[in-house]
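**Student:** from the sequence below, what's the structure:
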Amino acid sequence: MQELTINAVGAQGDGLARTGEGKPVFVPLTLPGETILAQMDGARGEVAEIIKASADRVTPPCRHFGHCGGCALQHWAAEPYRAWKAEQVRLQLSMEGLETEILPTFAAPPASRRRVALHARKVKGGANLGFKARRSWNLVPIEECPVTDPRIVAALPALARLAEPFLEHPKSAPTLHVTLTATGLDIDVTGVERKSGGLSADARMRAAMAAGEGDFARVTLAGETVYGARQPLVKLGPAVVALPAGSFLQAVPAAERAMVDFAVAESQGASRIADLYCGAGTFTFRLAEIGAVHAADSAGPAVAALKAAIGSVSGLKPITAEARDLVKRPVLTTELAKTDVVVIDPPRAGAAEQTVEIARSKVAKVVSVSCNPATFAKDARVLVDAGFRLDKVLPVDQFVWSPHIELVGVFSR
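**Tutor:** Next comes the predicted model:
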């Protein structure tokens with residue numbers, strides 16, 4: 001046992017302390033200012049006793065907290081927790097020598113997450129369904145989740161019954177990617193052993209029966225339809241889009257609205273807008289209320305869904321869309337010649353190749369959406385070196401009580 005004083009919370013949500021020799025150690029589920037006894041294993045520890053608790057410590061709202069690996073910070077009061085999230089953004093920017101106005105963090109409400117990944121494991125008589133334990137591959141069966149939309153939580157027993165047929169092969173470790181849509185739950189299953197020929201006819205029948213009993217909209221196995229009662233539909237701005245199987249969708253509608261509203265406000269006055277990494281049109285349709293939009297993304301089915309929805313919406317400026325790998329084939333400087341604003345929402349790896357082309361262009365404003373402040377900062381450095389100013393950043397706490405923070409940054413020149 002070792003007595004430690006927690007000095008800060010690190011980037012992964014663990015408390016940070018220093019040993020008597022000055023070496024950093026990390027202890028989960030602790031807060032700044034706390035004195036604890038910890039059972040140490042190298043540079044990591046587990047709390048054995050809290051000798052002095054922080055005044056900012058609160059009672060976690062979930063019975064699974066501490067064991068489940070989905071949340072790291074339910075024990076922290078809202079104000080210091082959100083300030084810490086904004087500080088993570090500032091720290092990443094400072095590593096690239098960047099400073100800007102950091103707006104107050106937008107906080108997604110609890111019980112609002114519409115997209116979750118649930119892992120299944122075989123047990124006697126059926127399947128357990130839940131999230132992985134902290135720092136482990138073990139499964140924590142979930143009975144409640146204060147982060148997730150109650151309609152998904154209510155469906156957990158039916159989802160567990162659906163998972164059971166996908167566990168027929170002993171090497172299968174299915175993950176159910178569950179999305180709440182306007183027409184019901186859409187479930188795409190991955191992690192099923194395919195070398196033996198995939199699901200047997202009997203397992204497919206049982207999966208379809210379980211899906212029907214659960215009144216799910218659609219069930220797919222790595223994109224292939226196993227059960228389809230209704231087309232999963234989502235509203236993106238003024239458009240209703242048929243969601244492709246396994247397609248990306250922002251996890252929380254309120255966070256999506258906050259990011260889209262911010263991008264739209266910053267794009268006012270533009271005649272031509274490029275929407276890069278557009279997905280199925282999260283930003284596209286709202287931006288087309290302002291000016292003509294060219295949308296691009298490597299996900300062909302998502303772009304096809306976007307195109308199919310265009311004709312159903314009236315009063316928009318022209319939208320063009322293409323399936324295009326923006327890493328191998330970024331939109332070139334010459335193609336951006338008449339573009340006023342670029343809105344870009346890349347994956348966690350960032351958009352290094354595309355950013356270079358934007359930096360060389362004559363585009364006056366860039367609105368950059370990111371789920372990774374570290375890669376955002378690297379791309380931001382390229383834009384700033386090319387003459388852009390990073391005017392402001394909006395932190396977005398979409399994955400509440402996790403260490404993850406998203407943001408929208410505005411660049412102009």
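**Student:** now the helices for this protein?
**Tutor:** Assigned by DSSP state H, the helices in the chain fall at 78-95, 150-154, 156-163, 201-213, 253-266, 284-287, 300-310, 352-360, 373-385.
**Student:** deepest in the core, which of those is it.
**Tutor:** With neighbours taken as mean count of other CB atoms under 10 Å, the helices of the chain reach their highest mean count in helix 284-287, at a mean of 27. (Each C-beta comes from the backbone N, C-alpha and C, glycine too.)
**Student:** what's it in contact with?
**Tutor:** Defining contact as CB atoms under 8 Å, 6 or more residues apart in numbering, one finds that helix 284-287 is touched by 236-239, 260, 263-264, 267, 273, 275, 278, 293, 295, 306, 309, 313, 316, 319, 321, 343.
**Student:** let's see it at 10 Å
**Tutor:** 235-241, 257, 260-261, 263-264, 267, 270, 273-275, 278, 281, 293-295, 297, 303, 306, 309-310, 313, 316-317, 319, 321, 341, 343, 367 (CB atoms under 10 Å, 6 or more residues apart in numbering).
**Student:** show the buried residues in those.
**Tutor:** 236-237, 239, 241, 260, 263-264, 267, 270, 273-275, 278, 281, 293-295, 297, 303, 306, 309-310, 313, 316, 319, 321, 341, 343, 367 (16 or more other CB atoms under 10 Å).
**Student:** narrow those residues to those in strands?
**Tutor:** 236, 239, 241, 273-275, 293-295, 297, 319, 321, 341, 343, 367 (DSSP state E).
**Student:** quick check: the farthest pair among those?
**Tutor:** Val241 and Val341 (22.3 Å; CB to CB).
**Student:** how close does Ser368 get to Thr100?
**Tutor:** 12 Å (CB to CB, to the nearest Å).
**Student:** ok, those two, which is more surrounded?
**Tutor:** When Ser368 and Thr100 are compared for neighbours, Ser368 comes out ahead with 26 against 18, by other CB atoms under 10 Å.
**Student:** which ones are touching the nearest residue to that one once chain neighbours are set aside?
**Tutor:** Using CB to CB, 6 or more residues apart in numbering and skipping the chain neighbours, the partner closest in space to Ser368 is Gly409 (4.8 Å). For Gly409, the contact set (CB under 10 Å, 6+ apart) comprises 89, 93, 98, 100, 102, 262, 266, 366-370, 373, 376-377, 379-380, 383, 390-395.
**Student:** in terms of contact, does Ala359 touch Ala351 like I think?
**Tutor:** No. Contact criterion CB atoms under 10 Å: Ala359 and Ala351 do not qualify, at 11.1 Å.
**Student:** now the end-to-end length of stretch 243-252.
**Tutor:** Its first and final residues considered, stretch 243-252 spans 16 Å by CA to CA, to the nearest Å.
**Student:** now that stretch: mean pLDDT?
**Tutor:** For stretch 243-252, mean pLDDT is 95.
**Student:** do you know the pLDDT at the closest residue to Leu4 other than its chain neighbours?
**Tutor:** The spatial neighbour of Leu4 that comes closest, neighbours along the chain excluded (CB to CB, 6+ apart), is Ala17 at 4.0 Å. As predicted, Ala17 sits at a pLDDT of 96.
**Student:** look at the nearest residue to Ala55 once chain neighbours are set aside and report its pLDDT.
**Tutor:** Nearest residue to Ala55, sequence neighbours excluded (CB to CB, 6+ apart): Gly33, at 7.8 Å. Predicted confidence (pLDDT) at Gly33: the value is 97.
**Student:** again with Ser196
**Tutor:** Taking Ser196 on its own, its pLDDT is 64.
**Student:** any low-confidence regions in this protein?
**Tutor:** For the chain, the stretches flagged by pLDDT under 70 are 195-197.
**Student:** ok so, going back, shared neighbours, Ser368 and Thr100?
**Tutor:** Common neighbours of Ser368 and Thr100, using CB under 10 Å, 6+ apart, are 380, 390, 393, 409-411.
**Student:** how far off centre is stretch 216-225?
**Tutor:** The chain centroid and the centroid of stretch 216-225 are separated by 21 Å under CA atoms, centre = their mean, to the nearest Å.
**Student:** buried ones in that stretch, by neighbour count?
**Tutor:** For stretch 216-225, using 16+ other CB under 10 Å, the buried residues are 216-221.
**Student:** now do stretch 389-400
**Tutor:** So, applying 16+ other CB under 10 Å, buried residues of stretch 389-400: 390, 392-400.
**Student:** okay, which residue is most central for the protein?
**Tutor:** For the chain, Ala251 is the residue whose C-alpha lies nearest the centre (CA atoms, centre = their mean; 5.7 Å).
**Student:** so the closest residue to that one other than its chain neighbours bridges to which residues?
**Tutor:** Spatially, and ignoring its direct neighbours in sequence, Ala251 is nearest to Arg115 (4.6 Å; CB to CB, 6+ apart). Beta bridges link Arg115 to Thr179, judged by DSSP bridges.
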